[in-house]
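Colleague: When you get a sec, could you give me coordinates for this:
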Amino acid sequence: MGNTRERIGAAGVVVAGGFFRIVLYTCVVVLIFWLGKTTYSFGYNIFNQQAMSPGEGQEVTVVIKEDTSVYKMAKTLERKGLIEDALVFCVQEKLSNYNGKLRPGTYLLSTAYTPTRIMGILAGDAEQGGAGS
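Modeller: A predicted model of the protein is given here:
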């Protein structure tokens, strides 16, 4: 009788171990898919720039103070409804020709501007247009 109990106990351990392995593999697969989807979405947002409201949009006044980091500028733009995601804007700025060129001042921007156009205005690029001081 003791031998039967040992065999049933060993079988239970094997079944529990197999079940645990299946759950673990399922969690790893779900995590990989979630990471892939999140990474793809983030990259898509970086390279597929969209204005917040295509068409005429709304004009918004933005004040950028001296010694403001790009991330704080991006958070201000996000709060004002000019960009969708501050982190995406920071990466876009790093990858753009305007890297390190954004300047403080008071700007009149539109929700119809793409992030690149906003960067151009904040960098003082005359081709982008906009009112900066």
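Colleague: from here on, contacts and neighbour counts on C-alpha atoms
Modeller: Fine.
Colleague: Now name the helix or strand holding the spatially closest residue to residue 96 that is not a sequence neighbour.
Modeller: If you skip the residues right next to it in sequence, residue 96 has residue 116 as its closest partner in space, 7.8 Å away by CA to CA, 6 or more residues apart in numbering. Secondary structure from DSSP states H and E places residue 116 in helix 115-122.
Colleague: just checking, what packs against that helix?
Modeller: helix 86-95, strand 105-110, strand 131-132 (3 or more CA pairs under 8 Å, 6 or more residues apart in numbering; DSSP states H and E).
Colleague: Show me how this protein divides into domains.
Modeller: In the assignment given by automatic domain parsing, the structural domains of the chain cover 1-48, 59-132.
Colleague: winner for burial among those domains?
Modeller: Relative to the other members of the domains of the chain, domain 59-132 carries the highest mean neighbour count by mean count of other CA atoms under 10 Å, namely a mean of 18.
Colleague: now the end-to-end length of stretch 103-115.
Modeller: Between the start and the finish of stretch 103-115 there is a gap of 15 Å, counting by CA to CA, to the nearest Å.
Colleague: Run the chain-centre distance for that stretch.
Modeller: A distance of 20 Å separates the C-alpha centroid of stretch 103-115 from that of its chain, computed with CA atoms, centre = their mean, to the nearest Å.
Colleague: pull the longest helix from the protein.
Modeller: In terms of residue count, the longest helix belonging to the chain (DSSP state H) is helix 2-47.
Colleague: average model confidence for stretch 56-74?
Modeller: Averaged over stretch 56-74, pLDDT sits at 92.
Colleague: hmm, who's touching that stretch?
Modeller: Outside of stretch 56-74, the residues that reach it under the criterion CA atoms under 8 Å, 6 or more residues apart in numbering are 76-77, 80, 83, 85-87, 89-90, 102-112.
Colleague: Could you do stretch 35-54 as well?
Modeller: The contact list for stretch 35-54, computed with CA under 8 Å, 6+ apart, reads 81-84, 88-89, 91-92, 111-116.
Colleague: out of those, who's nearest residue 55?
Modeller: Relative to residue 55, the closest of the contacts of stretch 35-54 is residue 112; by CA to CA it sits at 6.1 Å.
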